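Participant: coords below, sequence missing:
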């Protein structure tokens, strides 16, 4: 049995507690239906099922001519999600990521992990270091200090850990990965959820279902629209959750991911949260949320993290240089910045 197959069979009910991007979106939280099957019209059934996973609620909606086939495909997609979350979970000491972080190297990497790592290193170069999976020691340091001492780490503590944050010190050849500095660690939290959603969508597509919408805590994958060219509608929620949606986007195909300081934070002022600047070790404070549209959720996930780290105008320019991508940024000053290509 391969390492990937082994982790697919292990405790499918245990899901990855991603401390990376949870984002926001339509109908999140307790309002999500657990299960719904209705006749959308004479030819299609609309089937929606929701389960908890990846630190949030995952809702899968499909439209298909066969209710039974739709339900079977959704069930299989949730199994796929469980398999991949176990595989990419850094909190499990027996997962490939857990083993890598403990031993500093990993051979014969499972293909899914290899694809995520390769894309992560690509975005590290593309963003000039704004996206960096080696920030794991920084996230753990900040979390530990707030849990143990109710305060952020000192400058000296940050400096000691910052030397370990360097994705260029990761040797990776597609199968083997090794850290060049003792004490390094990776977190795939800023990209893995997107990859998992993409794979769930592909699983459903391969079963002949065209109309798909997956919402995992605001990370969205859409395919096929509803029917007859009708798009899915996705609301970009205001970070304060009390105000109106920042925008409502119509989508037939594509993906959306949101990064923000409001879902996972360590202090009441939300100055210290799960996203950290790899260069300074501090949480970025210039934006409240960043939403990115791309062709797939994995890319949108990584790009939204990178833009959140950058200054808003620099982030907008960065996204405008990437074909097929667009972004909406809400600054800390409540200034709304939309890139070219954002569907205003």
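Facilitator: On my side now, so go ahead. Note that the coordinates shown come from a computational prediction; the quantities given were computed from them, not determined experimentally.

Participant: need the pLDDT of residue 31.
Facilitator: For residue 31, the pLDDT comes out at 31.

Participant: again, but for residue 148
Facilitator: Value for residue 148, per-residue pLDDT: 82.

Participant: how far away is it from residue 102?
Facilitator: As judged by C-beta to C-beta, to the nearest Å, residue 148 and residue 102 stand 22 Å apart. Placement of C-beta: from N, CA and C, glycine included.

Participant: cool, and residue 59?
Facilitator: Taking C-beta to C-beta, one finds residue 59 at 34 Å from residue 102.

Participant: more neighbours, these two?
Facilitator: Taking other C-beta atoms under 10 Å, residue 59 and residue 102 do not tie; residue 59 has more neighbours (23 against 11).

Participant: now the helices for the stretch 201-344 of the chain?
Facilitator: For the stretch 201-344 of the chain, the helices defined by DSSP state H, counting those that start in this stretch occupy 297-309, 312-320.

Participant: which of these is buried the deepest?
Facilitator: Mean neighbours per residue, mean count of other C-beta atoms under 10 Å, is largest over the helices of the stretch 201-344 of the chain for helix 297-309, with a mean of 30.

Participant: which other helices and strands contact it?
Facilitator: Helix 297-309 sits against helix 111-126, helix 192-205, strand 219-223, strand 254-260, strand 287-294, helix 312-320, strand 326-331, with contacts defined as 3 or more C-beta pairs under 8 Å, 6 or more residues apart in numbering; DSSP states H and E.

Participant: again, only using 6 Å
Facilitator: helix 192-205, strand 254-260, strand 287-294 (3 or more C-beta pairs under 6 Å, 6 or more residues apart in numbering; DSSP states H and E).

Participant: tell me the angle of the first one relative to helix 111-126?
Facilitator: For the pair helix 192-205 and helix 111-126, the angle between their directions (axes from the mean of the first three to the mean of the last three C-alpha atoms, to 10 degrees) equals 130 degrees.

Participant: and the angle from helix 192-205 to strand 219-223?
Facilitator: Using the same axes, to 10 degrees: helix 192-205 against strand 219-223 is 20 degrees.

Participant: nearest residue to residue 208 in space, please, no chain neighbours.
Facilitator: The spatially closest residue to residue 208, leaving aside those adjacent along the chain, is residue 69, at 7.6 Å (C-beta to C-beta, 6 or more residues apart in numbering).

Participant: what is the burial count for the one you found?
Facilitator: Residues lying near residue 69 (other C-beta under 10 Å) number 16.

Participant: count of residues packed around residue 209?
Facilitator: Neighbours around residue 209, by other C-beta under 10 Å: 23.

Participant: can you get me the start-to-end distance on stretch 161-180?
Facilitator: Its start and end residues considered, stretch 161-180 measures 15 Å (C-alpha to C-alpha, to the nearest Å).

Participant: let's number from 38 now, not from 1
Facilitator: Fine by me, first position is 38 from now on; the one you just mentioned is stretch 198-217.

Participant: for it, buried residues please.
Facilitator: 198-199, 201-204, 207, 209, 214-216 (16 or more other C-beta atoms under 10 Å).

Participant: quick one: the strands in the protein?
Facilitator: Along the chain, the stretches classed as strands by DSSP state E are 72-76, 82-90, 93-101, 142-143, 207-209, 214-216, 248-253, 256-260, 269-273, 284-288, 291-297, 324-331, 363-368, 373-375.

Participant: worst average pLDDT in the ones you listed?
Facilitator: Of all the strands of the chain, strand 72-76 carries the lowest average pLDDT, namely a mean of 53.

Participant: can you list the low-confidence ranges for the stretch 38-187 of the chain?
Facilitator: For the stretch 38-187 of the chain, the stretches with pLDDT under 70 are 38-79.

Participant: swap in 90 and give it another go.
Facilitator: Residues of the stretch 38-187 of the chain that meet the criterion pLDDT under 90 lie in 38-81, 90, 92-93, 176, 179-187.

Participant: residues near residue 122, how many?
Facilitator: As a burial measure, residue 122 scores 25 neighbours (other C-beta under 10 Å).

Participant: tell me the spacing between it and residue 176.
Facilitator: From residue 122 over to residue 176 the distance is 18 Å, taken as C-beta to C-beta.

Participant: cool, residue 275 as well?
Facilitator: For residue 275, the distance to residue 176 - C-beta to C-beta - is 26 Å.

Participant: who's more crowded, those two?
Facilitator: Between residue 275 and residue 176, counted using other C-beta under 10 Å, the more crowded position is residue 176 (24 against 18).

Participant: which residues does the closest residue to residue 374 other than its chain neighbours contact?
Facilitator: Once flanking residues are discounted, residue 374 sits nearest to residue 366: 4.2 Å by C-beta to C-beta, 6+ apart. The contact partners of residue 366, by C-beta atoms under 6 Å, 6 or more residues apart in numbering, come to 324, 327, 349, 374.

Participant: now the residues you listed as CSV including distance to residue 257?
Facilitator: Shown next, in CSV, are those (distance: C-beta to C-beta, whole Å):
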residue, distance to residue 257
324, 20
327, 15
349, 22
374, 20
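
Participant: which of these are buried, as a PyMOL select command?
Facilitator: Typed into PyMOL, the line below selects the buried ones among the contacts of residue 366, using 16+ other C-beta under 10 Å:
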select buried, resi 324+327+349+374
